[in-house]
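**Q** got a structure for you, letters missing:
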(Lines give C-alpha, C1' and ligand atoms only; values in the text may rest on other atoms or scores of the structure.)
Protein backbone atom coordinates (compact mmCIF):
# COMPACT_ATOMS: atom_id res chain seq x y z
CA UNK A 1 0.00 0.00 0.00
CA UNK A 2 1.51 3.35 -1.03
CA UNK A 3 1.64 6.37 1.27
CA UNK A 4 -1.45 8.10 -0.12
CA UNK A 5 -3.60 4.98 0.06
CA UNK A 6 -2.33 4.29 3.58
CA UNK A 7 -3.23 7.82 4.71
CA UNK A 8 -6.71 7.46 3.24
CA UNK A 9 -7.16 4.09 4.96
CA UNK A 10 -6.15 5.56 8.34
CA UNK A 11 -8.57 8.46 8.01
CA UNK A 12 -11.41 6.13 6.99
CA UNK A 13 -10.69 3.84 9.92
CA UNK A 14 -10.67 6.69 12.44
CA UNK A 15 -13.88 8.13 11.02
CA UNK A 16 -15.55 4.72 11.08
CA UNK A 17 -14.39 3.50 14.49
CA UNK A 18 -14.17 6.75 16.42
CA UNK A 19 -11.16 5.57 18.44
CA UNK A 20 -8.27 3.32 17.48
CA UNK A 21 -4.75 2.50 18.57
CA UNK A 22 -1.49 2.76 16.70
CA UNK A 23 -1.12 -1.02 16.90
CA UNK A 24 -4.60 -1.61 15.46
CA UNK A 25 -4.02 0.85 12.64
CA UNK A 26 -0.63 -0.68 11.88
CA UNK A 27 -2.22 -4.12 11.55
CA UNK A 28 -5.06 -2.77 9.42
CA UNK A 29 -2.84 -0.99 6.89
CA UNK A 30 -0.01 -3.55 6.99
CA UNK A 31 2.70 -1.19 8.24
CA UNK A 32 4.91 -0.82 11.31
CA UNK A 33 3.94 1.24 14.35
CA UNK A 34 6.72 3.71 13.52
CA UNK A 35 5.34 4.15 9.98
CA UNK A 36 1.81 4.77 11.32
CA UNK A 37 3.15 7.37 13.76
CA UNK A 38 4.82 9.16 10.83
CA UNK A 39 1.53 8.92 8.90
CA UNK A 40 -0.38 10.46 11.80
CA UNK A 41 2.11 13.34 11.92
CA UNK A 42 1.79 13.87 8.15
CA UNK A 43 -2.03 13.84 8.36
CA UNK A 44 -1.90 16.48 11.09
CA UNK A 45 0.32 18.61 8.86
CA UNK A 46 -2.35 18.31 6.14
CA UNK A 47 -4.97 19.74 8.50
CA UNK A 48 -6.56 16.71 10.13
CA UNK A 49 -7.13 17.14 13.87
CA UNK A 50 -6.16 13.85 15.50
CA UNK A 51 -6.20 13.64 19.32
CA UNK A 52 -4.03 11.21 21.31
CA UNK A 53 -5.34 9.87 24.64
CA UNK A 54 -2.75 7.93 26.69
CA UNK A 55 -3.50 5.02 29.02
CA UNK A 56 -6.06 2.22 29.14
CA UNK A 57 -9.12 3.04 27.07
CA UNK A 58 -7.26 5.78 25.22
CA UNK A 59 -5.95 5.87 21.69
CA UNK A 60 -6.27 8.04 18.60
CA UNK A 61 -9.39 10.02 17.81
CA UNK A 62 -10.17 12.06 14.69
CA UNK A 63 -12.15 15.24 15.29
CA UNK A 64 -15.46 14.61 13.42
CA UNK A 65 -15.36 18.16 12.05
CA UNK A 66 -11.79 17.79 10.87
CA UNK A 67 -11.13 18.25 7.16
CA UNK A 68 -8.05 18.20 5.00
CA UNK A 69 -6.73 21.65 4.22
CA UNK A 70 -3.94 20.70 1.83
CA UNK A 71 -5.22 20.42 -1.73
CA UNK A 72 -4.47 17.15 -3.53
CA UNK A 73 -5.79 18.27 -6.86
CA UNK A 74 -4.26 17.97 -10.28
CA UNK A 75 -3.58 21.00 -12.46
CA UNK A 76 -6.49 20.08 -14.72
CA UNK A 77 -8.85 19.76 -11.72
CA UNK A 78 -7.93 23.21 -10.38
CA UNK A 79 -8.06 24.60 -13.92
CA UNK A 80 -11.56 23.13 -14.31
CA UNK A 81 -12.69 24.92 -11.14
CA UNK A 82 -11.18 28.20 -12.31
CA UNK A 83 -12.69 28.11 -15.77
CA UNK A 84 -16.11 27.17 -14.40
CA UNK A 85 -16.03 30.22 -12.14
CA UNK A 86 -14.73 32.37 -15.02
CA UNK A 87 -17.47 31.22 -17.37
CA UNK A 88 -20.19 31.85 -14.80
CA UNK A 89 -18.79 35.32 -14.07
CA UNK A 90 -18.65 36.09 -17.78
CA UNK A 91 -22.28 35.04 -18.10
CA UNK A 92 -23.16 37.38 -15.24
CA UNK A 93 -24.78 34.76 -13.01
CA UNK A 94 -22.28 34.17 -10.21
CA UNK A 95 -23.69 35.91 -7.08
CA UNK A 96 -20.93 34.68 -4.76
CA UNK A 97 -17.91 35.38 -6.94
CA UNK A 98 -15.95 36.91 -4.05
CA UNK A 99 -16.22 33.75 -1.96
CA UNK A 100 -15.42 31.58 -4.98
CA UNK A 101 -12.29 33.62 -5.71
CA UNK A 102 -11.17 33.42 -2.07
CA UNK A 103 -11.64 29.67 -2.00
CA UNK A 104 -9.76 29.16 -5.26
CA UNK A 105 -6.93 31.37 -4.00
CA UNK A 106 -6.54 29.09 -0.98
CA UNK A 107 -6.45 26.03 -3.21
CA UNK A 108 -3.82 27.60 -5.46
CA UNK A 109 -1.74 28.58 -2.41
CA UNK A 110 -1.70 24.95 -1.26
CA UNK A 111 -0.42 23.64 -4.59
CA UNK A 112 3.25 22.68 -4.99
CA UNK A 113 5.34 25.26 -6.90
CA UNK A 114 5.59 23.12 -10.04
CA UNK A 115 1.80 22.75 -10.20
CA UNK A 116 1.32 26.50 -9.68
CA UNK A 117 3.69 27.14 -12.58
CA UNK A 118 1.77 24.74 -14.83
CA UNK A 119 -1.56 26.19 -13.73
CA UNK A 120 -0.51 29.74 -14.62
CA UNK A 121 0.80 28.60 -18.01
CA UNK A 122 -2.52 26.87 -18.60
CA UNK A 123 -4.46 29.98 -17.57
CA UNK A 124 -2.46 32.08 -20.03
CA UNK A 125 -4.25 30.15 -22.78
CA UNK A 126 -7.77 30.92 -21.49
CA UNK A 127 -9.91 33.72 -22.97
CA UNK A 128 -13.47 34.81 -22.27
CA UNK A 129 -16.05 36.76 -24.26
CA UNK A 130 -19.77 37.06 -25.00
CA UNK A 131 -21.63 34.82 -27.42
CA UNK A 132 -23.38 36.55 -30.32
CA UNK A 133 -27.16 36.40 -29.80
CA UNK A 134 -27.79 34.91 -33.25
CA UNK A 135 -25.78 31.74 -32.57
CA UNK A 136 -27.97 28.65 -32.69
CA UNK A 137 -27.74 26.66 -29.46
CA UNK A 138 -30.31 24.03 -30.36
CA UNK A 139 -27.64 21.51 -31.35
CA UNK A 140 -25.34 22.08 -28.36
CA UNK A 141 -24.05 18.74 -27.09
CA UNK A 142 -22.08 17.42 -24.13
CA UNK A 143 -18.31 17.83 -24.01
CA UNK A 144 -16.12 14.74 -23.87
CA UNK A 145 -14.71 14.45 -20.30
CA UNK A 146 -11.33 13.43 -21.79
CA UNK A 147 -10.88 16.85 -23.41
CA UNK A 148 -9.38 18.68 -20.43
CA UNK A 149 -6.72 16.07 -19.52
CA UNK A 150 -5.67 15.87 -23.18
CA UNK A 151 -5.66 19.66 -23.48
CA UNK A 152 -3.53 20.01 -20.35
CA UNK A 153 -0.70 17.92 -21.79
CA UNK A 154 -1.00 19.43 -25.27
CA UNK A 155 -1.01 23.04 -24.06
CA UNK A 156 1.73 22.69 -21.43
CA UNK A 157 4.07 20.64 -23.63
CA UNK A 158 3.02 22.37 -26.89
CA UNK A 159 2.07 19.16 -28.62
CA UNK A 160 -0.26 18.66 -31.57
CA UNK A 161 -3.79 17.50 -30.85
CA UNK A 162 -5.54 14.91 -32.98
CA UNK A 163 -9.30 14.46 -32.75
CA UNK A 164 -12.51 13.78 -34.60
CA UNK A 165 -14.70 16.79 -35.35
CA UNK A 166 -18.33 16.89 -36.40
CA UNK A 167 -19.33 20.20 -37.99
CA UNK A 168 -22.70 21.96 -37.93
CA UNK A 169 -23.92 19.85 -40.85
CA UNK A 170 -22.94 16.61 -39.14
CA UNK A 171 -19.92 15.93 -41.34
CA UNK A 172 -17.15 14.05 -39.54
CA UNK A 173 -13.47 14.89 -40.13
CA UNK A 174 -10.14 14.07 -38.51
CA UNK A 175 -8.04 17.04 -37.41
CA UNK A 176 -4.39 17.45 -36.46
CA UNK A 177 -3.90 20.94 -35.00
CA UNK A 178 -1.72 23.14 -32.79
CA UNK A 179 -3.81 24.18 -29.73
CA UNK A 180 -3.26 27.87 -29.03
CA UNK A 181 -6.11 28.95 -26.73
CA UNK A 182 -9.36 28.00 -25.08
CA UNK A 183 -12.22 30.43 -25.58
CA UNK A 184 -15.33 30.56 -23.39
CA UNK A 185 -18.37 32.24 -24.91
CA UNK A 186 -20.99 31.05 -22.41
CA UNK A 187 -22.53 28.57 -22.77
CA UNK A 188 -20.24 27.47 -25.64
CA UNK A 189 -16.58 26.53 -25.29
CA UNK A 190 -14.10 26.57 -28.15
CA UNK A 191 -10.64 25.25 -28.87
CA UNK A 192 -8.73 27.86 -30.88
CA UNK A 193 -6.00 26.17 -32.88
CA UNK A 194 -3.67 26.67 -35.79
CA UNK A 195 -4.62 24.22 -38.52
CA UNK A 196 -1.50 23.44 -40.63
CA UNK A 197 -3.62 21.81 -43.33
CA UNK A 198 -5.48 25.10 -43.86
CA UNK A 199 -2.60 27.42 -42.89
CA UNK A 200 -4.91 29.43 -40.62
CA UNK A 201 -6.57 29.60 -37.22
CA UNK A 202 -9.73 27.60 -36.64
CA UNK A 203 -12.33 27.64 -33.86
CA UNK A 204 -13.61 24.19 -32.87
CA UNK A 205 -16.67 23.90 -30.69
CA UNK A 206 -15.62 21.64 -27.88
CA UNK A 207 -18.97 19.84 -27.71
CA UNK A 208 -18.26 18.64 -31.29
CA UNK A 209 -14.78 17.26 -30.52
CA UNK A 210 -14.34 13.57 -29.72
CA UNK A 211 -11.52 11.07 -29.23
CA UNK A 212 -8.82 13.68 -28.41
CA UNK A 213 -5.19 12.61 -28.17
CA UNK A 214 -1.92 14.50 -28.07
CA UNK A 215 0.95 13.55 -30.39
CA UNK A 216 4.19 13.23 -28.43
CA UNK A 217 6.60 13.67 -31.34
CA UNK A 218 5.01 16.83 -32.77
CA UNK A 219 5.83 19.96 -30.71
CA UNK A 220 4.87 23.40 -32.01
CA UNK A 221 5.49 27.07 -31.24
CA UNK A 222 3.02 29.43 -29.62
CA UNK A 223 1.33 31.91 -31.99
CA UNK A 224 -0.41 35.19 -31.35
CA UNK A 225 -4.16 34.65 -31.72
CA UNK A 226 -5.93 37.73 -33.20
CA UNK A 227 -8.96 37.90 -30.91
CA UNK A 228 -11.54 40.73 -31.32
CA UNK A 229 -11.62 43.57 -28.79
CA UNK A 230 -14.52 42.08 -26.80
CA UNK A 231 -12.52 38.94 -25.98
CA UNK A 232 -10.02 39.19 -23.13
CA UNK A 233 -7.70 36.92 -21.11
CA UNK A 234 -9.10 35.41 -17.93
CA UNK A 235 -6.60 37.48 -15.95
CA UNK A 236 -8.38 40.63 -17.15
CA UNK A 237 -11.88 39.32 -16.40
CA UNK A 238 -13.88 41.92 -14.43
CA UNK A 239 -14.41 40.96 -10.78
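**A** Yep, it's here. Fair warning: this is a prediction, and the values are worked out from it, not measured in the lab.

**Q** state the distance from the closest residue to residue 189 other than its chain neighbours to residue 192.
**A** Counting by CB to CB, 6 or more residues apart in numbering, residue 189 lies nearest to residue 206, which is 4.3 Å off, once chain neighbours are set aside. For every residue, glycine as well, the C-beta is placed using N, CA and C. Distance, residue 206 to residue 192, using CB to CB, to the nearest Å: 11 Å.

**Q** residue 43 too?
**A** Residue 43 is 43 Å from residue 192, by CB to CB.

**Q** sorry, back to before: my guess is the residue nearest to residue 189 contacts residue 193, does it?
**A** No. Counting by CB atoms under 8 Å, residue 206 stays clear of residue 193, with 11.2 Å between them.

**Q** give me the more crowded residue out of the two.
**A** residue 193 (25 against 21; other CB atoms under 10 Å).

**Q** what bridges to the more buried one?
**A** residue 179, residue 202 (DSSP bridges).

**Q** contacting residues for the residue nearest to residue 189?
**A** With contact set as CB atoms under 8 Å, 6 or more residues apart in numbering, residue 206 has these partners: 143, 147, 188-191.

**Q** show only the entries of these found in strands.
**A** If you go by DSSP state E, those have 188-191 in strands.

**Q** for those residues, pick the one with the most neighbours.
**A** residue 191 (26 neighbours).

**Q** mind listing what that one touches?
**A** With CB under 8 Å, 6+ apart, residue 191 has these contacts: 151, 161, 177, 179, 181-183, 203-204, 206, 209.

**Q** try 10 Å
**A** By CB atoms under 10 Å, 6 or more residues apart in numbering, the contact set of residue 191 is 147, 151, 154-155, 161, 163, 165, 175, 177, 179-183, 202-206, 208-209, 212.

**Q** ok so, going back, which two among the contacts of residue 206 are spaced furthest apart?
**A** Spatially, the most separated pair among the contacts of residue 206 is 147 and 188, at 13.6 Å (CB to CB).

**Q** where does pLDDT dip in the protein?
**A** For the chain, the stretches flagged by pLDDT under 70 are 1, 55-58, 66-73, 87, 89-94, 97, 110, 236-239.

**Q** please enumerate the strands of it.
**A** Using DSSP E, strands in the chain cover 19-20, 50-53, 59-62, 126-128, 159-166, 172-185, 188-195, 200-205, 209-219, 232-233.

**Q** got those strands as a markdown table, with distance to residue 117 columns?
**A** What follows is these, written out as a markdown table (distance: least, CB to CB, whole Å):
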| stretch | distance to residue 117 |
| --- | --- |
| strand 19-20 | 39 |
| strand 50-53 | 32 |
| strand 59-62 | 34 |
| strand 126-128 | 16 |
| strand 159-166 | 18 |
| strand 172-185 | 18 |
| strand 188-195 | 23 |
| strand 200-205 | 27 |
| strand 209-219 | 18 |
| strand 232-233 | 17 |
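
**Q** having no further points to raise, I will conclude here.
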